[in-house]
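A.B. asks: All I have is the shape, not the residue letters:
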Ligand SMILES: C=C(O[C@H]1C=CC=C(C(=O)O)[C@@H]1O)C(=O)O
C-alpha cells in the first residue's frame, strides 16, 4: 500500500488523536512494518505476557491472536454514525500508510482494535440516571504503536510509526529489550450492587416476561451490573492473564478499559469467508461437576424448549443480517453444546461466502461493516430488535456502556474478528480501583425470574474469578 497525500482523517462526528502533528491540520502518515520473530515462551498466556504496560490491547484465544500497546492513532466516534465514521477514518488512515509486511497473515500489517457501546442513544449515569453524554465515545478504534501476534506457529511483530517518528524496527531483539512494568496484584476485592440491586433484578425480569406474554415482543435480553472495588489499582493485564489461561475457548479481549473473555463471536471475516458463533440458551455448570453430570446437563440443555426458542431467535437474527452480504450461507439446523468452565451454551456456527459485488459496493464489506450490520443480535437484544431495544431502555435501569457491544479488530484488507463484549468488565477511566462487571440473560415467555438471576450469577463467575475472588 502506498502513501497518498490525502487530507488528514477528519473524524466524521468523532475525534481523532495521534501522537504526532495535529491530524486535523496535517496529514499523518503511518509507517507500518511487520517481521517474523522467534516464537514466544509460554502457552496460552504467551502473548499476554509480552504486554508492557497497563493499557493493553488484546484479542487472544488458545494462545493465538494479537496483542498491542501504545497509540499511533485513535478515533472516537459518537451517535448513530459511529460505525460508519470509524470505518471512514480507518480507510482514510490506510490511504496514507506505507506498509512493509513480510508475514502476510490475518492480523499482520496495520490493524486497529475497536470497542463500541451497545446503544448509541446517549448515556445514562449508572448511579442516578442523569444523562452524562456526549463525553464518553460510543465507539473507538485504536491503532497501536506495536502489535505482537501468533497464529499456527508463526509469530510476528508489527511496529506502527505515526508522522515523522521512526520506531525501532520490529524483531525478536526489539521485543526483548522493550521495558515491561510488573503486574501488581489487585489485593482484596469488594463487590457491591450495581444500578439495580441483585434482589430487585427478578422484578425487572418479571416485567420483561409480562411484556412478552402480552404479545409486545418475543424475546428480550436483560442485564445487570455489579461493582467491584479492589484494594490496589487494577492492572488489566492481571485480568487478561487469568482469563486467557482458564477460558481458553473464549476470546480474551482488552480495548480502552473494556476487558473480558467472550465465548460469542459476532463475526470473523477472512479471505471472503464469514463466520459467526451464535450463543443463546444456558445451563450452569457447578464447580467440581463430574464429566458424567456435565453430559447429563448438556443433554438437558439440548432438549430444553425454552432455551431452544431463545437460541432460534438469535440464529435467525444473525442469518438475516448476514444474508444481504453473502452469496451462500450455511445455517445449522440444530445447535451444539459449548462447554465452558462456568456454564454451557447452545451454540451455532453460521458461515457464509461474502458476495464481493454486494449492492454495487466498490470493495467487499469490511469486518467492521459486518459487525455494524449484525449488532445488536437477538443474543444480546431481543426480537423484534427495535421493540426489545426500547424495552431495555425502559426497564433495565442501567447504562450498558460497552457491555454487549462489538469488540475486536480490523486489518488493512477489511478482514478481522469482532466479538460481543460479554463476560466482561469496564474499568473506571477515573479510578483504577473501580470496575463494573456485567451479565445478562435472554428472556422468553417461559423464563423464571429467580432462575435468570442465578444464571446471571453464573455468567459473572469469569470476571469475579479473574479479579481474584473464588
Ligand atoms: C447476554 C449474555 O449472554 C448471552 C450469550 C449467551 C447466552 C445467553 C443466554 O442464554 O441468555 C445470552 O444470550 C451475557 O453473558 O451477558
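C.D. replies: On my side now, so go ahead. Remember, predicted model here, so these are calculated numbers, not experimental data.
A.B. asks: Geometric centre of this structure: which residue is closest?
C.D. replies: residue 407 (2.6 Å; Cα atoms, centre = their mean).
A.B. asks: what sits against that one?
C.D. replies: When contacts are counted by Cβ atoms under 8 Å, 6 or more residues apart in numbering, residue 407 touches 114-116, 253, 255, 258, 260, 262, 418-421, 424. Placement of C-beta: from N, CA and C, glycine included.
A.B. asks: Including neighbour count, pLDDT and distance to the ligand, could those residues go into CSV?
C.D. replies: Converted to CSV, the contacts of residue 407 look like this (neighbours: other Cβ atoms under 10 Å; pLDDT from 0 to 100; distance: Cβ to the nearest ligand atom, whole Å):
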residue, neighbour count, pLDDT, distance to the ligand
114, 29, 98, 20
115, 26, 98, 16
116, 28, 98, 16
253, 30, 98, 14
255, 26, 98, 18
258, 22, 98, 14
260, 29, 98, 9
262, 25, 98, 8
418, 30, 98, 15
419, 29, 98, 11
420, 32, 98, 7
421, 32, 98, 9
424, 29, 98, 8
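A.B. asks: quick one: secondary structure of the closest residue to residue 119 other than its chain neighbours?
C.D. replies: Sequence neighbours aside, residue 400 is the residue nearest to residue 119 in space, at 6.3 Å (criterion: Cβ to Cβ, 6 or more residues apart in numbering). At residue 400 the chain is in coil, as set by DSSP: H, G, I helix; E, B strand; the rest coil.
A.B. asks: State the distance from residue 400 to the ligand.
C.D. replies: According to Cβ to the nearest ligand atom, to the nearest Å, residue 400 and the ligand sit 10 Å apart.
A.B. asks: wait, that residue sits on residue 120?
C.D. replies: No: between residue 400 and residue 120 there is no contact, the gap being 11.2 Å when judged by Cβ atoms under 8 Å.
A.B. asks: who has more neighbours, the two?
C.D. replies: Each of residue 400 and residue 120 has its neighbours counted (other Cβ atoms under 10 Å); residue 400 has more, 25 against 18.
A.B. asks: List the contacts of the more buried one.
C.D. replies: Residue 400 neighbours (Cβ under 8 Å, 6+ apart): 117, 118, 119, 223, 392, 438.
A.B. asks: Neighbours of the first one, how many?
C.D. replies: It stands for residue 117. Residues near residue 117, counting by other Cβ under 10 Å, number 25.
A.B. asks: At the contact with the ligand, which residues of the stretch 351-470 of the chain appear?
C.D. replies: 379, 380, 422, 423, 439, 440, 441, 442, 459 (Cβ under 6 Å from any ligand atom).
A.B. asks: And the furthest pair within those residues?
C.D. replies: 423 and 442 (14.9 Å; Cβ to Cβ).
A.B. asks: residue ranges of the helices in this structure, please?
C.D. replies: Using DSSP state H, the helices of the chain run over 82-95, 172-177, 201-213, 236-246, 291-303, 305-322, 367-374, 385-395, 449-467.
A.B. asks: Check which helices and strands the second one is in contact with.
C.D. replies: Put plainly, it is helix 172-177. strand 154-162 (3 or more Cβ pairs under 8 Å, 6 or more residues apart in numbering; DSSP states H and E).
A.B. asks: so where is this protein shaky, pLDDT-wise?
C.D. replies: Within the chain, the segments meeting pLDDT under 70 span 1-27, 122-134, 164, 358-362, 469-470.
A.B. asks: And it, split by domain according to the record?
C.D. replies: According to automatic domain parsing, the chain comprises the domains 14-177, 189-250+264-467.
A.B. asks: Residue 181 contacts residue 52, doesn't it?
C.D. replies: Yes: Residue 181 lies in contact with residue 52 (Cβ under 8 Å); the separation is 6.5 Å.
A.B. asks: Compare those two (neighbour count), which wins?
C.D. replies: The neighbour count for residue 181 versus residue 52, taken as other Cβ under 10 Å, is higher for residue 52 (15 against 11).
A.B. asks: so what's that one closest to, chain neighbours aside?
C.D. replies: residue 180 (4.5 Å).
A.B. asks: could you list every residue that touches that neighbour?
C.D. replies: Residue 180 sits in contact with 50, 51, 52, 53, where contact means Cβ under 8 Å, 6+ apart.
A.B. asks: Pipe these into JSON lines and attach distance to residue 466 per row.
C.D. replies: Below are the contacts of residue 180 laid out as JSON lines (distance: Cβ to Cβ, whole Å):
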{"residue": "50", "distance to residue 466": "19"}
{"residue": "51", "distance to residue 466": "15"}
{"residue": "52", "distance to residue 466": "20"}
{"residue": "53", "distance to residue 466": "19"}
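A.B. asks: and residue 312, how far is that from the ligand?
C.D. replies: 12 Å.
A.B. asks: what's the burial count for the residue in the stretch 1-150 of the chain that the ligand sits nearest to?
C.D. replies: Closest residue of the stretch 1-150 of the chain to the ligand, Cβ to the nearest ligand atom: residue 118 (10.3 Å). By other Cβ under 10 Å, the residues close to residue 118 number 24.
A.B. asks: Would you mind confirming that it makes contact with residue 403?
C.D. replies: Yes: assessed by Cβ under 8 Å, residue 118 is found in contact with residue 403 at 6.2 Å.
A.B. asks: Okay, and the beta partners of whatever residue of the stretch 101-250 of the chain ends up closest to the ligand?
C.D. replies: Going by Cβ to the nearest ligand atom, the ligand is nearest to residue 221 of the stretch 101-250 of the chain, at 5.3 Å. Judged by DSSP bridges, the bridge partners of residue 221 are residue 442.
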